[in-house]
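Peer 1: sequence unknown, structure follows:
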């Protein structure tokens, strides 16, 4: 049966690949986006695009109302929306730190809390949070980003314990170095240095992440909750 799926930050990169994968499977998919315009292909796939800044609780509430009116209560939530503001700690401002935490961690709390209403009533649901390999490894110049992504793991595991009795699973996918707009701006030397750390010696594809998210959202993963799935070509070695 077609499910109501919501992917935050689904207008490009990993989020877009996830939205496309669910739409191709016949699910009713909605995405949120903060700026710009969603790709035309989403319209062609029947994906509902809702403008929403996850740092604004009122916008989150309005986005859910639009999605629920169109597709019914959200049954699968993929919390993917995130930002970076990289800087060494000595030069990082409090605003740079708090802005990343508010989007990546508190924004996830907002969208998950809202989705859990309908899931609890239905006594079923799937929640997948998109973290990062840097949550476990750390990354110089990304203390704010790493902290936010590590926070998602504790949040997910606590939530998994709260919701498991209602047949709601909560899991985390931790991507490694993925071929997106964010990584394409790196210099050849930077790319070579990164590849030297990845046992599979290549960048991952957004579709690699989408495949893992779809699995965790499927009936085949009904007994998996509180898990962190690294999709990183061996970069983190499971940490």
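Peer 2: Nice, thanks for sending it over. No experiment lies behind these values; they were computed from the predicted model shown.

Peer 1: Can you give me the neighbour number for residue 121?
Peer 2: Residue 121: 11 surrounding residues under other CB atoms under 10 Å. (C-beta placed from N, C-alpha, C; glycine too.)

Peer 1: Look up how far residue 210 lies from the residue nearest the centre of the chain.
Peer 2: For the chain, the residue nearest the mean C-alpha position is residue 80 (2.2 Å; CA atoms, centre = their mean). Applying CB to CB, to the nearest Å, the value for residue 80 to residue 210 is 10 Å.

Peer 1: wait, doesn't the residue nearest to the centre of the chain sit right on residue 6?
Peer 2: No. Contact criterion CB atoms under 8 Å: residue 80 and residue 6 do not qualify, at 10.0 Å.

Peer 1: remind me, longest strand of the protein?
Peer 2: strand 168-175 (DSSP state E).

Peer 1: by contact count, what packs against that one?
Peer 2: When contacts are defined as 3 or more CB pairs under 8 Å, 6 or more residues apart in numbering; DSSP states H and E, strand 168-175 sits against helix 107-122, strand 125-130, helix 143-163, helix 206-216, strand 228-231.

Peer 1: Of the ones you listed, which is nearest residue 41?
Peer 2: Taking CB to CB, helix 206-216 is the member of the helices and strands packed on strand 168-175 nearest to residue 41, at 13.5 Å.

Peer 1: list the buried ones in the closest one?
Peer 2: Residues of helix 206-216 classed as buried: 206, 208, 209, 210, 211, 212, 213, 214, 216 (neighbour count, 16 or more other CB atoms under 10 Å).

Peer 1: With stretch 62-76 instead?
Peer 2: By neighbour count with 16+ other CB under 10 Å, stretch 62-76 contains the buried residues 63, 64, 66, 67, 68, 71, 74, 75, 76.

Peer 1: Model confidence score at the fifth one, please.
Peer 2: pLDDT recorded at residue 68 is 98.

Peer 1: any idea how far it is from residue 61?
Peer 2: Taken as CB to CB, the span from residue 68 to residue 61 is 11 Å.

Peer 1: What part of the protein, helix or strand, is modelled with the least confidence?
Peer 2: helix 181-184 (a mean of 74; mean pLDDT, DSSP states H and E).

Peer 1: ok, then the element right after that one?
Peer 2: On the C-terminal side of helix 181-184, the closest following helix or strand by DSSP states H and E is helix 188-195.

Peer 1: Pretty sure residue 17 sits against residue 210.
Peer 2: Yes. Between residue 17 and residue 210 there is a contact under CB under 8 Å: 4.3 Å.

Peer 1: sorry, back to before: please identify which of the buried residues of helix 206-216 is nearest to residue 22.
Peer 2: Distances from residue 22 to the buried residues of helix 206-216, taken by CB to CB, are shortest for residue 214, at 6.8 Å.

Peer 1: which residues does the closest one contact?
Peer 2: 18, 21, 22, 25 (CB atoms under 8 Å, 6 or more residues apart in numbering).

Peer 1: go on, residue 14?
Peer 2: The contact partners of residue 14, by CB under 8 Å, 6+ apart, come to 80, 130, 175, 178, 180, 206, 209, 210.

Peer 1: Fine by me, thanks again.
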